[in-house]
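I'd like to go over a predicted model; first the sequence, then the structure.
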Amino acid sequence: MSDANLEIRAAEVVAKEQQGRRRALRPVGDQAGGTIEVAPTIRALTPYEAVSSQAAIEASPDHHTSFKLDWNECTIEPSPRVNEAIADYLQQGRGLNWYPRLGSKELIEALIDYTGVARDHLLVTNGSDDALRLICSTFLDTDDPVVIPVPTYNHFMVFAQSRGADVITTRGETAFSKNLEGIEQAMSSQTRLLYLVSPNNPTGVVYEPEVVADLCRRYPETLIVLDEAYFEFSQVTGVELVEEFSNLMVTRTFSKAFGLAGLRVGYLAASPELLDGVRRIYNPKSVNTLGQVGAVAALEDLEYLESFLDEVNASKKILREFFDNCDVDARITSANFVVVRMPDVDSALDELEQRGVYVRDRSSYPGLEGCLRMTVGTTEQTERLLDRVGDIFRSR
Ligand SMILES: Cc1ncc(COP(=O)(O)O)c(C=O)c1O
């Protein structure tokens, strides 16, 4: 977003706030009751734009052949063991009438092995969005300065702003730089929280553990949140640093590489002291039973995960070659998506959709003018995709 855009956004927020005041939740028709106002911090928020192609795909007669490449989900079903474990659980009559296992005990055991992090450093959450929201609710208050390098995963801004935090964004020379200088300029000893996504969505920028450790050392009073939703694709992680630094929290998810987006399971790794803070508002029932069963089963089949990661890497090679050959400006990221710059992104998006290919428009993001983001799947899917829509990219 250019500075001009930032100003526009601020103006929009104010306009929405004024509109919000006028449009308080008034009783409808002859409803009884008074006017309920939305809390002022929430009234000022620009909602996170959650545009999914799911409904369009489901409504389309040839939905079986559509490509859903807009939300960076796994493009294949999860390990068959996940379905088996869920079916077994239900067949054994271990009913859904009970609340979920508190504290996700089995899943925590499996995560200790998977992450290499000790039990008291782990907390399972309802997707990693839940972890991010819990972090903001626990550690942020009105006017707390929060630094966010952009472009990035904007949903976090909503969580921070809903606490009334003062969000300070910084953008690098290009959208694809780590922007360490900009981060440093934006930071101060007062900065309450720094949000880093690695690999970053949508740019794929990776913050290596050395970089994260250095920031943790230099800003001991700042809570550094490292969002590793796409870690499996890059295999670069700072998770073990949570045992060393008391100001670092790492969030991860089963929604991407493991293919369990529909089950809503994520987790948080941090020092026991930080987690004690989060537990003050944590809902121990928030991770559903089938999600816990499914995530444990997914961790029992890491071969399946690895074969999918190999597929994605091989697909990225195919795409690299394809975009180089047709001279298209494309960034093959270290996550499961690519960013492609098109001279006329709107018409490209229309044409792609007409052929059943749904990708994400990212052209309004700072430094990503004209760009779309497209999820990467298996090699078979990638070959089929290029057969179907390769000419749309080639003809630009
Ligand atoms: C960077 C990043 N963090 C978090 C999330 C949320 O994931 P979850 O499904 O675990 O809530 C996403 C989802 O797209 C993401 O891109």
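Cool, got the structure.

which stretches in the stretch 101-250 of the chain count as strands?
122-125, 145-150, 166-171, 193-197, 223-227, 248-253 (DSSP state E, counting those that start in this stretch).

which residues touch the first one?
The reference is to strand 122-125. Here strand 122-125 makes contact (C-beta atoms under 8 Å, 6 or more residues apart in numbering) with 103-104, 107-108, 111-112, 115, 131, 134, 251, 265-270, 275, 278-279, 282, 286-287, 292, 295. Using the backbone N, CA and C atoms, a C-beta is placed for each residue, glycine as well.

is stretch 114-134 positioned near the ligand?
Yes - judged by C-beta under 6 Å from any ligand atom, stretch 114-134 and the ligand are in contact via 127, 128, 129.

want to try TSV for those residues, with neighbour count and pLDDT as columns?
Formatted as TSV, the residues of stretch 114-134 next to the ligand follow (neighbours: other C-beta atoms under 10 Å; pLDDT from 0 to 100):
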residue	neighbour count	pLDDT
127	23	98
128	24	98
129	22	98
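
looking at those residues, which are in helices?
Among the residues of stretch 114-134 next to the ligand, DSSP state H puts 127, 128, 129 in helices.

low-confidence regions, the stretch 151-300 of the chain specifically.
For the stretch 151-300 of the chain, not a single residue meets the criterion pLDDT under 70.

that one against the ligand: which residues are in contact?
Residues of the stretch 151-300 of the chain lying near the ligand by C-beta under 6 Å from any ligand atom: 153, 197, 201, 227, 229, 253, 255, 261, 266.

residues contacting the last one?
Going back to what we said before, that points to residue 266. 124-131, 251-255.

columns mean neighbour count and distance to residue 235 on top of the strands of the stretch 101-250 of the chain, output as a markdown table?
Listed next are the strands of the stretch 101-250 of the chain as a markdown table, based on neighbours: other C-beta atoms under 10 Å; distance: least, C-beta to C-beta, whole Å:
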| stretch | mean neighbour count | distance to residue 235 |
| --- | --- | --- |
| strand 122-125 | 26 | 20 |
| strand 145-150 | 24 | 22 |
| strand 166-171 | 17 | 27 |
| strand 193-197 | 24 | 16 |
| strand 223-227 | 25 | 15 |
| strand 248-253 | 27 | 13 |
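
adding distance to residue 341, write those strands out as a markdown table.
Shown next, in a markdown table, are the strands of the stretch 101-250 of the chain (distance: least, C-beta to C-beta, whole Å):
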| stretch | distance to residue 341 |
| --- | --- |
| strand 122-125 | 35 |
| strand 145-150 | 17 |
| strand 166-171 | 17 |
| strand 193-197 | 21 |
| strand 223-227 | 25 |
| strand 248-253 | 28 |
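
list the buried residues in stretch 378-386.
Within stretch 378-386, the residues that qualify as buried are 378, 379, 381, 382, 385, 386, counting by 16 or more other C-beta atoms under 10 Å.

can I get the CA coordinates of stretch 159-171 in CSV?
What follows is stretch 159-171, C-alpha atoms only, in CSV (Å, rounded to 0.1, in the frame of the first residue of the first chain):
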residue,chain,number,x,y,z
PHE,A,159,-7.0,-8.6,16.0
ALA,A,160,-4.5,-5.9,17.1
GLN,A,161,-6.8,-3.0,16.2
SER,A,162,-9.7,-4.5,18.1
ARG,A,163,-7.6,-4.0,21.2
GLY,A,164,-7.2,-0.3,20.3
ALA,A,165,-3.5,-0.9,19.5
ASP,A,166,-1.6,1.7,17.5
VAL,A,167,-0.6,-0.3,14.4
ILE,A,168,2.5,1.0,12.7
THR,A,169,3.2,-0.6,9.3
THR,A,170,6.5,-0.5,7.5
ARG,A,171,7.2,-1.4,3.9
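
quick one: the residue lying closest to residue 279 once chain neighbours are set aside from the ligand, how far?
Distances taken as C-beta to C-beta, 6 or more residues apart in numbering put residue 123 closest to residue 279, at 7.4 Å, once the chain neighbours are dropped. In this view, residue 123 and the ligand are 14 Å apart by C-beta to the nearest ligand atom, to the nearest Å.

please see if stretch 335-346 touches the ligand.
No - legend: contact between stretch 335-346 and the ligand by C-beta under 6 Å from any ligand atom is lacking; minimum distance shown is 8.6 Å.

quick check: mean pLDDT of that stretch?
If you average the pLDDT over stretch 335-346, you get 96.

residue 217: neighbouring residues, count only.
Neighbour count of residue 217, defined by other C-beta atoms under 10 Å: 11.

tell me the contacts of it?
residue 245.

I'd say residue 103 and residue 283 touch.
No - between residue 103 and residue 283 there is no contact under C-beta atoms under 8 Å: 11.4 Å.

which of the two has more neighbours?
Between residue 103 and residue 283, counted using other C-beta under 10 Å, residue 103 has the larger neighbour count: 16 against 11.

quick one: pLDDT of that one?
86.

please name the nearest non-neighbouring residue to it.
Nearest one to residue 103, counting by C-beta to C-beta, 6+ apart, is residue 284 at 6.0 Å.

likewise residue 197?
residue 227 (4.3 Å).

give the contact list for the one you found.
128, 132, 153, 156, 195, 196, 197, 198, 250, 251.

enumerate every residue touching the last one.
Shown in contact with residue 251 (C-beta under 8 Å, 6+ apart): 125, 128, 131-132, 135, 225-229, 266-269.

next: the third one.
Going by C-beta under 8 Å, 6+ apart, residue 153 touches 197, 200, 201, 227, 229.
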